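Novice: With the input below, show me the fold.
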Amino acid sequence: MTIVPQGGGRPVDPRIAFFDAQARDWDAHTPIGGENVLERLADLAELLLLSAGQDILEVGCGTGQITGWLAEQVHPGRVTAVDFSPAMITAASAKRIDADFHCKDACSDDFGLARHDVILCFHSFPHFRDQREALRRLSRALKPDGRLLILHLAGSARINEFHSTVDGPVRGDHLPQGGSWRSLMSQTNLRVNRLIDIDNLFFLEAVGVESDLF
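Specialist: The predicted structure follows:
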């Protein structure tokens, strides 16, 4: 896939146009394993460990399908929801959810320093064109005791099989598997704390490690 730099060196990722085109009908779209999404999320409460007062960064929020639920879990904390698709952010903002929406790219934008208790990538991580760089940037935005969560309501085998056959620029967008996560995290100031990868769930929790390299 060709990533064409625009003025100032910022890449034009063809995935952005792809998701822009999907935004209008996105809420009618059911992701892999995504039936009854909010019920599934509620069932995962002991893994997510969301609580009142936390500040969450939701990366790849799409049209805000779970953003309102997240906001309810952490109120009076705040949810900052970001997506690299302007059309997705426009659709999410129109829902008047009590959250802060921004059009940002996990692979090239800044998310602040030590700002968030939890960073959640829900059904989004495969679409980061440079997963190592995204992790590096997100790790900087975690508070010292913060957690990065990567969550799919299906396992990596199902996710990767689907993305191996789908048409368009998201073809080949895969989740890393097995030990490759630890290698990837070791390059990005993060450590895998927990990994579950079964047919109906992918859950990874990572925490920051002390380093003077970032």
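
Novice: Mind jotting down where the helices sit in the protein?
Specialist: Counting by DSSP state H, one finds helices in the chain at the ranges 14-22, 37-43, 45-48, 67-74, 86-93, 131-141, 156-165, 180-186.

Novice: List the buried residues in the last one.
Specialist: By neighbour count, and taking 16 or more other CB atoms under 10 Å as the criterion, the buried residues in helix 180-186 are 181, 184-185. Every residue, glycine included, has its C-beta placed from N, CA and C.

Novice: Repeat that for the fourth one.
Specialist: For helix 67-74, the buried set under the neighbour-count rule, 16+ other CB under 10 Å, comprises 67-71, 73-74.

Novice: what angle separates that helix from helix 86-93?
Specialist: 50 degrees (axes from the mean of the first three to the mean of the last three CA atoms, to 10 degrees).

Novice: I'd like to know which elements helix 67-74 is packed against.
Specialist: Packed against helix 67-74, as judged by 3 or more CB pairs under 8 Å, 6 or more residues apart in numbering; DSSP states H and E, are the following elements: strand 56-59, strand 79-83.

Novice: Can you say which of those strands is nearest to F125?
Specialist: strand 56-59 (8.3 Å; CB to CB).

Novice: before we move on, back to that, mind putting the helices of the chain in JSON lines, distance to H174 and mean pLDDT included?
Specialist: Output for the helices of the chain, formatted as JSON lines (distance: least, CB to CB, whole Å; pLDDT from 0 to 100):
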{"stretch": "helix 14-22", "distance to H174": "14", "mean pLDDT": "96"}
{"stretch": "helix 37-43", "distance to H174": "22", "mean pLDDT": "95"}
{"stretch": "helix 45-48", "distance to H174": "22", "mean pLDDT": "96"}
{"stretch": "helix 67-74", "distance to H174": "25", "mean pLDDT": "98"}
{"stretch": "helix 86-93", "distance to H174": "21", "mean pLDDT": "97"}
{"stretch": "helix 131-141", "distance to H174": "9", "mean pLDDT": "96"}
{"stretch": "helix 156-165", "distance to H174": "4", "mean pLDDT": "96"}
{"stretch": "helix 180-186", "distance to H174": "10", "mean pLDDT": "89"}
